[in-house]
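In: with the sequence up front, the predicted model follows.
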Amino acid sequence: MEERSLLAHYESQEKWARARRGVLVQRVVSTFKNCSVDLIPFEEVRTRLHLTQKYCRGLQDIELEHIRGSVGRYGDFTLAFLPRRDHLRQRWERVNAIVSTQDMPPIEVYQVGEAYFVVDGNHRVSNARQEGMKTIPAYVCEFVTPVGLSAEADLDEVITKAEYAEFLNKTRLDK
């Protein structure tokens, strides 16, 4: 292994350990604040808000803080995209080593209002957050809905917006 590559490997290991400690800190803080650290499952949003129409908006820089969920990996990471499971380590460290030496490849996301959901690139988001990045390049496909989510959305907001969408549908006030 070349010296630079070896150094990147050791740095990735240290960053992994820091990220895993961060999960414990988040759990304690969320207990005291009585708030969730869970990512929102996109299927829950799709089902509750009856999302069907999507438009691809192309490559954009998006705010990492506005990523509120994931399409399939919502149980693997916390809301701050800290890795929850030890089996993620090898891939997470590999992505970190690549990210620290090269440009960040774009991720893919769905957008609902101001909130984003990762389709592909959960490990890149996790590493970008660990590196202190504020934005990340992403291919964005937006789902159209009269009740979009805020950039700070949580599952409670999804439920509230679903009830509002149902009200609009029944009363036809959205037409």
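Out: In hand now; what should we look at?
In: in this structure, which spans are helices?
Out: Listed in chain order, the helices of the chain (DSSP state H) span 3-33, 42-49, 89-101, 122-130, 155-171.
In: rank the ones you listed by pLDDT, which is bottom?
Out: Out of the helices of the chain, helix 3-33 stands lowest, with a mean of 66 (criterion: mean pLDDT).
In: look up the closest residue to A128, ignoring the ones flanking it.
Out: Distance criterion C-beta to C-beta, 6 or more residues apart in numbering; nearest residue to A128, sequence neighbours excluded, is I136 at 5.0 Å. For glycine as for every other residue, the C-beta is placed from the backbone atoms N, C-alpha and C.
In: and for L88?
Out: Looking at L88 with C-beta to C-beta, 6+ apart, the closest residue is D76, at 6.0 Å.
In: can you tell me how far that neighbour is from G132?
Out: 21 Å (C-beta to C-beta, to the nearest Å).
In: more crowded one of the two?
Out: The neighbour comparison of D76 against G132 (other C-beta atoms under 10 Å) goes to D76, with 18 against 7.
In: in contact with the more buried one, which residues?
Out: Residues in contact with D76 (C-beta atoms under 8 Å, 6 or more residues apart in numbering) are S70, P83, R84, R85, L88, N122.
In: closest one of those residues to N169?
Out: Comparing these against N169 with C-beta to C-beta places S70 closest, at 27.1 Å.
In: count of neighbours near that closest one?
Out: S70: 25 neighbours (other C-beta under 10 Å).
In: and it, how far from Y116?
Out: When S70 is compared with Y116 (using C-beta to C-beta), they lie 10 Å apart.
In: re the thing from before, correct me, but the residue nearest to A128 touches D61?
Out: Yes - counting by C-beta atoms under 8 Å, I136 does reach D61; the two are 7.0 Å apart.
In: all set now, cheers.
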